[in-house]
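A.B. asks: Fold the following, please.
(chains A and B)
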2 protein chains.
Amino acid sequence: MRRTLAFTVLAMLLGAHVALAQAPDPDCVPSRLNVAEALYPCIHPDNRVTVRVNAPDAKSVRVSLGGGYDLEKGSDGIWQVTTAPLAVGFHYYWLTIDGATVADPQTMTFFGSGWQNSALEIPDPDGDFYQQRDVPRGKVAQQWYFSKVTGKWRRAYVYTPPDYDTNTSARYPVLYLLHGWGEDETGWHRQGHVDIILDNLIAEGKAVPMIVVMDNLNATKPGESGAIFGARGLVPPPGAQPAQAAPARGAGPGRGGPPAGGRGRGGSLARSTYTEMMFTDLVPTIERLYRVRTDRESRAMAGLSMGGAQTFGTVLPNRDKFAYVAGFSGNCAGFGGGQPIDIKTVCDGAFADVEKWNREMKVLFLSIGSTEGPGTKNLSEALTKAGVNHVFYESPGTGHVWQTWRRSFREFAPLLFK
Amino acid sequence: MRRTLAFTVLAMLLGAHVALAQAPDPDCVPSRLNVAEALYPCIHPDNRVTVRVNAPDAKSVRVSLGGGYDLEKGSDGIWQVTTAPLAVGFHYYWLTIDGATVADPQTMTFFGSGWQNSALEIPDPDGDFYQQRDVPRGKVAQQWYFSKVTGKWRRAYVYTPPDYDTNTSARYPVLYLLHGWGEDETGWHRQGHVDIILDNLIAEGKAVPMIVVMDNLNATKPGESGAIFGARGLVPPPGAQPAQAAPARGAGPGRGGPPAGGRGRGGSLARSTYTEMMFTDLVPTIERLYRVRTDRESRAMAGLSMGGAQTFGTVLPNRDKFAYVAGFSGNCAGFGGGQPIDIKTVCDGAFADVEKWNREMKVLFLSIGSTEGPGTKNLSEALTKAGVNHVFYESPGTGHVWQTWRRSFREFAPLLFK
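C.D. replies: A predicted model of the protein is given here:
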């Protein structure tokens, strides 16, 4: 420190243009999603984030964190900004360098909004439940299967609990778990840490050993439209004006939410092709290759955001096959929330016969981040008023982000298969 | 086509400035590593590649493919270049936008050179061996384990063959398989398609069912230097001059090869800490959690490039534990190739007693891409001259790239455990 100061003073006296790289703030800790040796982005103790970017010839550099920030070029030639404090948990973000939308090369990338985003992680004092502990560990396996419905190979990830390989005569209940808009089958274990959360819950005796199948909710038949993403950074298709082709940067798509046009009635986001594919291809594959129980009281489905809508779209017409259903920041009554809810007709009339629902379904679980809209809470209140058994969870201080969904899973998993 | 032409002529007559996005060449097929809906990069029938980048305000855009190309901004505002024909197989690449090194947002990303590169895939007429077929499929599972040697959690990926879950009394031989410089434990299944290759070989009866453990070769004890990557695109550490901090862009690091400074004696790339970690932490974890055979004739090790050097560094002093060893574009005699080879001293004297080597080791396999240096071929010739049993494979028309290593694995796997 003293030496640097002396050198700087000396250089100033000599009139030299000093371009030393800026010394990092020792209190600013590199995000744990950074690649090895990357000092930035780093997290300050108050959850402000410093982003630094090496773009020597750029005219403008912007980062999408929070409401978006312009970086300034420092005397060391590096672009820099420090954000306002961010919420705890996982944040997708991207850079705009002279108009080009790109990931920050300093972080690992995560599939969201239809492309490989950069991301950072703000530690959560309440985050011990997704930290690795020295407990028996399950596995997450890549399982390829050919889909007759889509005519394509598909990839699912399958969590098997710690005792699966040793307890070879046991059969396990199974949870089908979906990601959100613009994400894929990697989301729940890479962004969500579902394996760590479940390993920890099982070790504590809070959840029963189960299999979790994480599939890709995007399924289209040959010739069916698959235009689902609208990812950033793509060269526009022919006929489009490049200036208009830069996708919207609203909170929804940037954070795993549904595309703006898809808001409203959540049910409209559910695709019957996914449901058909699931029952034709996925479920039989899982039941053939894994030791799973096949009765409805041993089968659950859950999803986040658009995956929550898909979950209800799949489960509600197939209640003979599932006894548990959950939507995290996504459900069957729309995402918006302002609408009055008619319990007789909402969710395609699933709750019209309350007694039947309560008798058949063992758990209905709904959750939302406290800084999201009131939609799910309104639905929960209407369900309560009508006497529909359910569990509602609100994640404190988080929005339409993975921290809400990690916590939601922690709350939901202990309710399963008991 | 006719309609576009008519519109263009009309616009010209009216003196308008037309900025329609360019119609894609129907013969240029999007790389199969592109994200959904991304039309570029695309591959022409003669293996030229067209790269297009949406960077409206940039002054210069460059792509690292081949020797590197400057893109030109078209009348539609999109930057574009078409390369010379590229070799078949997987190519890492990156963009430089006004001096910033970034991945192309239009592709999935792959960990190489210490960061998340973009990549493209040129189809290989000989590439059927790594295409998915309707045969029984194995799994690739993420296996976390705590390392006492490094004091950290580590992740390996473990391939189990198609019959592993049903043939529950069988025990399997095991291959430990390492990636190259700047890569990680995801390389062999994401870039290498090791699971598909092995599924296909097993279905054809050419390889025996085996377990493949893909670990990360980077292992350091607390306090030990872990400076292994020198990734591109990072903000330089304090004290470094930004202008000098942009890492070298030689063929080695860009393509998974060892860093330039690490060339020469390959053995020097092997770390004894990895070997210690492997025997202390990894092997016991695998032998506890998987049904593997534990005799030396049921244990093999192989690696590519720096991982080949590490493989020999681990196996040669531990021949009581392994009967099979392979290096793909990496071995125990250096990468360069010009040096004369003394068979008595090369590879720490492992071949000094030829009879002992031939008696103990069931397979020694060496391979190289035909457009790489002559090092491995020289070693093979020296081994042949000295009477050391081994198999040498040269991948036609490929360099220090994954296509060489996919083919090497296809050649090596059938030799194992027979």
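
A.B. asks: If you average pLDDT per helix and strand, which one of chain A comes out bottom?
C.D. replies: helix A:251-254 (a mean of 34; mean pLDDT, DSSP states H and E).

A.B. asks: so what does the helix or strand that comes right after it touch, helix or strand wise?
C.D. replies: Note on helix A:251-254: by DSSP states H and E, the next helix or strand toward the C-terminus is helix A:272-277. Packing contacts for helix A:272-277, counted by 3 or more C-beta pairs under 8 Å, 6 or more residues apart in numbering or on different chains; DSSP states H and E, involve helix A:306-315. Every residue, glycine included, has its C-beta placed from N, CA and C.

A.B. asks: CA atoms only: put the helix it packs on into CSV for me.
C.D. replies: The C-alpha atoms that make up helix A:306-315 are tabulated as CSV, following Å, rounded to 0.1, in the frame of the first residue of the first chain:
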residue,chain,number,x,y,z
MET,A,306,-43.6,-21.1,-16.9
GLY,A,307,-42.7,-24.5,-15.5
GLY,A,308,-45.3,-24.0,-12.8
ALA,A,309,-47.9,-23.2,-15.4
GLN,A,310,-46.9,-26.3,-17.4
THR,A,311,-47.1,-28.4,-14.2
PHE,A,312,-50.7,-27.4,-13.6
GLY,A,313,-51.4,-27.8,-17.3
THR,A,314,-50.1,-31.4,-17.1
VAL,A,315,-51.4,-32.4,-13.6
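
A.B. asks: quick one: it near chain B?
C.D. replies: No. Judged by C-beta under 8 Å from any C-beta of the partner chain, helix A:306-315 makes no contact with chain B; its nearest approach is 14.8 Å.

A.B. asks: Buried residues of that helix, list them for me.
C.D. replies: A:306-315 (16 or more other C-beta atoms under 10 Å in any protein chain shown).

A.B. asks: same deal with stretch A:366-385?
C.D. replies: Buried, per 16+ other C-beta under 10 Å, within stretch A:366-385: A:366-369, A:372-373, A:375-380, A:382-383.

A.B. asks: same deal with stretch A:111-124?
C.D. replies: A:111-122, A:124.

A.B. asks: now the residue of the stretch 251-400 of chain A found nearest chain B, nearest residue through space, not along the chain?
C.D. replies: Here the stretch 251-400 of chain A gets closest to chain B at one residue, residue A:289, 6.5 Å apart by C-beta to the nearest C-beta. Leaving aside its chain neighbours, residue A:289 sits nearest to residue B:165 (6.5 Å; criterion: C-beta to C-beta, 6 or more residues apart in numbering or on different chains).

A.B. asks: residues contacting the one you found?
C.D. replies: Residues near residue B:165 by C-beta atoms under 8 Å, 6 or more residues apart in numbering or on different chains: A:289-291, B:139.

A.B. asks: Just those: which are in helices?
C.D. replies: Among the contacts of residue B:165, the ones falling in helices (DSSP state H) are residue A:289.

A.B. asks: Greatest separation within the contacts of residue B:165: which pair is it?
C.D. replies: A:291 and B:139 (13.9 Å; C-beta to C-beta).
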